[in-house]
Structure formats: structure tokens, C-alpha cells
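J.: turn this into a structure:
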Amino acid sequence: MKSFAELVTRLEDATDDAQRIDALCAYWSAVPAADAAWALRLLAGRGIGRRLEPGALREATCRAAGIEPWLFDACVDASGDWAETVAHTLPPAARPIDEPLAHWLGCELSAYEDAEPGVNAAQALRRCAVLDTMSRELLLRLLLGRWRRLASDALLQRSLSRHAGVDGRLLALRWPAWLHPRARPDASRWTALLRSEPACDAERVLPHPFAPVEMIDGDAAAIAARLGDASQWVVHEWWGGERAQLVRRDAGCACWPARDGERSLVPAAQAAQAASGLPPDTVVEGEWAQAGGPAGQSPPGAAPRWMFRISDVLELAGRDLRALPALQRVAAARELACRALLLAGTPQQVDDWFALGTRWAGGRSHGVDALRLMRRAAAYGTPRALFDWRTPAWRATVLLQSAEHVADADGQACIELGLALWNRRPADHAAVQRALAAAQTGERLAAASAQLVPIAKLRVAARQGGNDDDPLGAGWSDWLREATVQRFGPVRWLRVQRACEIAFDAAVPTRRRRSGIELRGARFLRWCDGVDAAAVDDLPSLHERVRIDRS
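T.: Numbering: from 1, shown residues only. A predicted model of the protein is given here:
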């Protein structure tokens, strides 16, 4: 367990993916297969559930350490972590022992099931008495149910691919079965996960490596200065769907998303049906978009219907087309789409960047997320031959309503901000104060009155240094503590008094939110401390400015 605790510390202290992969590879090489199997499951965010009650642990710790409960509570408030507080409050172990991680999780964990809270707390402290401080903190974090993932699936798969020399695409295909809730980690499943050869027909239906796409912003002049002659490019409208490859082989059909380590959003049956119309030994690339108009909204309670739009052909009837110029591959894609009864992309020849920019200025208003630019004469995978020209982002001024400390997909600490705006413009100052008070207490106002409605939740990286280094500005942490009105677990409900400016890529209608719209790609820009609460945006003005398509 000590080696796993040291790995956790290295991952938390790492500043880039290279350091995390080095730490993971060193751990995979140093521990037995059974320990590595359990560690992989924990690192992917699959904990063991809550086995300890904080109240019982607090009482047992105060008795063991001989301190008053108020002092323990003060230490928890200062550190913000129960596991860390208990680990440092207990007396140090005279002779720390180091048991294999698989032994403790596989054998001793059953002793915490169906026992009284006081019994579990006493047993946990007896185990902590023979562990070093790092192992104690790890053990208590697991038992309290406060374990969080420390690495994304893609990062874990990259480390395993480097450690065992196995194709990353095979790991991605085996990943869902490995993380199944009922699957128990052990040495045999670890060996099967790292097998370098395909184990079944499904593992023989693999995609080609995806070509890198670069994001570019700016007006037509900036694009012209960077990309040169417009006549050398082909343009596709990109609807912000899921980029993927459809593969058909003799062994079967498969859909592979471009996001490493993640499963496709499209049900397997729909993907297999779309790929079944392709000729054998064919690989095409494109995007999945929901049917039903640019907004892609399905009726309430109905499963979303997906449609695949072909933009490129990488292999056709066993012939590798990746070395051909993009213009020829695009023509083959349109012809293949007609034969396979799939949607074809909308390639356009570009003559002038400024004319394209004029047509593209209102792209977001009719659902287009970006223009995909392909260099006409470039082979597939050529560097700097594939770009996404994104439209200028919309902006809005909103009010901060809540904050929560969370972890992102890579296990890095983030702050999730809950933002709101007015459903209609308040009539006077009294209406503003009434709505702010209702937002803080949860009181429901009349439907005809002005009130705040949630509009988005966005994540900002938590600070890495002192308070002055916080991405949300100097003094953010102190202000957050002072502005907290209520706490619901990790969620802080705040005094609604601070405005901020956000940017977003698109606004689409939805029935899941009170505001009726959902912001895509929302991101924090800056605080607007001089803006009064009554002056932030309201839904009617946002609808008018963004021109949300509700067809």
C-alpha cells in the first residue's frame, strides 16, 4: 500500500502528462500484477464505496489522540480534508508495515461490511496504528468514500501502452469491460488486458490513426496571413458533432471516436447499422450529428437519433487512400455516401477568404460550429493540413450563484461555478432585492415576477500557488469563504452579488433547464465587480443577440 500511496502523491504533485506517465510506468513495473490491477481501477475513479461514517471516525479519533472535538473540527476546517486531518492527528506508528494493496482490498475490506459505525471506526484506527502517514491518508480517503480519480482514461491507457507495448486501440476496446462494476480486478484480468494480440474478432476491427486538427481563430485577414492562397483549400461545415471513423472488416463493423480513451456517444447498434452499408475493408471518417435540425434536439423521453456525415475516405475496398490528395478523397467520400445511403459532407471550393468570412460571420446562428479546412493537395495525416476555423464566441454577463470543488477528467482540482441570469428585466430596485433574497433562500416567486434562472456551469482550474496566483483572481479563496451562505455537501451556495463575463460557442434550446437553453463551450473571462446585479443579461436580450434557432 505504501508504494501506491507514493504514486498518488507523485500524481498529485505532477505538473504535466509526461511526469504522470513516467510515474505510472514506474509503478506498473515495480508491483505485482494483482496490485497493479487494483491500482488501475482506483486511479480510474472506481472507489470502494463509503465504509466509514465521519461522525463515528471523529469520536474515535478524539479518544485515540486525547483531544477535544472542537480542536479536531478546527483542524478539519483548516485542512479541508478529513483523511489528512485524521492521519496527522493520530500518534505515529512505532513500526509501520507495508501490506500489498491487493491483499487489503481483496481480503480485509469485507470486514467493514454490515458492521456498526463505531466498530468500523475502531477497526480503521487499529489499521492506521501500523501504517505510515501517507498510507493512512490513502486508507481513510477510500473508506470515507472521498476517493477521486487521479488520471483520465486516455492517460492511463497511454501509460499501459508504453509499459506493455500493446496497441492503444486494443486497450480502448477492452476498457469498458475492465471498468465494469461487477468485474473484480485480479492478476489474470490484468494479463488479459495487456495481451498484445487480438483476442476476438471485435479486436480485429481497428481504425487508422486520426489526423491532427488544429484550431484557428481570427478574422479573414488573419486566416489569409496564416494559410495563404485560399484556392489551395477545401471547406466543410462542421456541426460540432462527434468526430469518428466507421470501419467495416470481415470480422465485423465498429465505430471509433477521435477522443482517446472514451467510448462513442452513439449506441453500438446504430453505429453498426451505419457501417454495414459500406463495402468490405472500408474505413471512412466524418461526424455523428443528432437528427432533428441544427439544434439536434430529440423529443422528451425519446432516444436520440444519430446520423453520420462522411467527410473523408481513408480505405476503400482494401485500397489505402490516405496517400491521395484531399480533393480526391473528398470526391470519393461523396460517391461512397450515395452508395452506402449515408449523409455526405458539403465540401466547397474556396476562392477568397474575405468572401468566405462574410458568409461565415453568422455561422453559429444556424447551427454550424466551425469550418473544417483541408489542404487540397495534402495526404491524410500531413502536419498543418487540417484546421478548424471557429466563429467568434458570444459573450454574456451573468451572476455567480454557487461554487463547488471538483476534479476534471484528468483528476486535476477544479472549481465548478454555477451561473444565473434574469428571466426578464427587473422593474425596479425592490424587484431586484426580492429576487436576490429568493435565490439565496430557495423561495419560489410568482411566474410573472423577475427571478434568476441557472444558465450554465463551467469549470476553472483551481489555484496551484498562493492566494494571489488563483486563476479567478487575488483574494478569491477568502471571498469564497465569506460569501458562503449555505453548504450542501461540497456545494457552496453564495450570496448572489458578484457578476462575471463569460464566453460561449453556441446556445441551443433544451427542456432540461429552467432557462430553456444550454450554453456550449462556456468559459470564464473576467470578473465585472463594477456591474450591478440589475445590469446583468436577461433571457430575452440573450435570445435576440444570439438568435437561437428553435426550429
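
J.: helices of the stretch 1-150 of the chain, start to end?
T.: Using DSSP state H, counting those that start in this stretch, the helices of the stretch 1-150 of the chain run over 2-13, 17-30, 33-43, 54-65, 69-79, 82-89, 101-106, 117-128, 133-143.

J.: so for Ala220, which of those sits nearest?
T.: helix 17-30 (35.1 Å; CB to CB). Quick note: C-beta positions are derived from backbone N, CA and C, even for glycine.

J.: on that earlier part again, now render the helices of the stretch 1-150 of the chain as a markdown table, adding distance to Phe524 and mean neighbour count.
T.: Below are the helices of the stretch 1-150 of the chain laid out as a markdown table (distance: least, CB to CB, whole Å; neighbours: other CB atoms under 10 Å):
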| stretch | distance to Phe524 | mean neighbour count |
| --- | --- | --- |
| helix 2-13 | 24 | 18 |
| helix 17-30 | 23 | 17 |
| helix 33-43 | 29 | 22 |
| helix 54-65 | 32 | 18 |
| helix 69-79 | 27 | 13 |
| helix 82-89 | 29 | 21 |
| helix 101-106 | 39 | 19 |
| helix 117-128 | 40 | 18 |
| helix 133-143 | 29 | 22 |
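
J.: looking at these, which is nearest to Tyr380?
T.: It is, among the helices of the stretch 1-150 of the chain and with distance given as CB to CB, helix 17-30, at 25.8 Å.

J.: not counting its own residues, what contacts that closest one?
T.: By CB atoms under 8 Å, 6 or more residues apart in numbering, the residues outside helix 17-30 that reach it are 3-4, 7, 10-11, 14, 36, 39, 43, 151, 155-156, 158-160, 162-164, 410.

J.: apply 10 Å and report the result again.
T.: 3-4, 6-14, 35-36, 39-40, 43, 150-152, 154-156, 158-164, 190, 194, 410-411 (CB atoms under 10 Å, 6 or more residues apart in numbering).

J.: same list (the helices of the stretch 1-150 of the chain) but as CSV, adding mean pLDDT.
T.: Below are those laid out as CSV (pLDDT from 0 to 100):
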stretch, mean pLDDT
helix 2-13, 86
helix 17-30, 91
helix 33-43, 89
helix 54-65, 85
helix 69-79, 83
helix 82-89, 83
helix 101-106, 77
helix 117-128, 77
helix 133-143, 82
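
J.: could I get those in TSV, plus columns for distance to Leu373?
T.: Formatted as TSV, those follow (distance: least, CB to CB, whole Å):
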stretch	distance to Leu373
helix 2-13	38
helix 17-30	28
helix 33-43	38
helix 54-65	55
helix 69-79	51
helix 82-89	50
helix 101-106	49
helix 117-128	58
helix 133-143	47
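
J.: of these, which is nearest Glu335?
T.: Going by CB to CB, the one of the helices of the stretch 1-150 of the chain nearest Glu335 is helix 17-30, 40.7 Å.

J.: can you give the distance of the closest one from its chain's centre?
T.: 22 Å (CA atoms, centre = their mean, to the nearest Å).

J.: what's the angle from that helix to helix 2-13?
T.: 170 degrees (axes from the mean of the first three to the mean of the last three CA atoms, to 10 degrees).

J.: make 7 the first number, not 1, from now on.
T.: All set: I'll call the first residue 7, so the last point we hit is now helix 23-36.

J.: shaky segments in the stretch 257-406 of the chain?
T.: 266-269, 297-310, 347, 367-373, 397-399 (pLDDT under 70).

J.: show me where it has its strands.
T.: 258-263, 288-296, 312-322, 325-326, 349-350, 354-355, 376-381, 392-396, 400-413 (DSSP state E, counting those that start in this stretch).

J.: the second one pairs with which strands, and in what direction?
T.: When sheet partners are counted by DSSP bridges, strand 288-296 sits next to strand 248-255 (antiparallel), strand 312-322 (antiparallel).

J.: just give me how far stretch 262-281 sits from the chain centre.
T.: So, by CA atoms, centre = their mean, the centroid of stretch 262-281 is 17 Å from its chain's centroid.

J.: end to end on stretch 134-154, go ahead and measure it.
T.: 21 Å (CA to CA, to the nearest Å).
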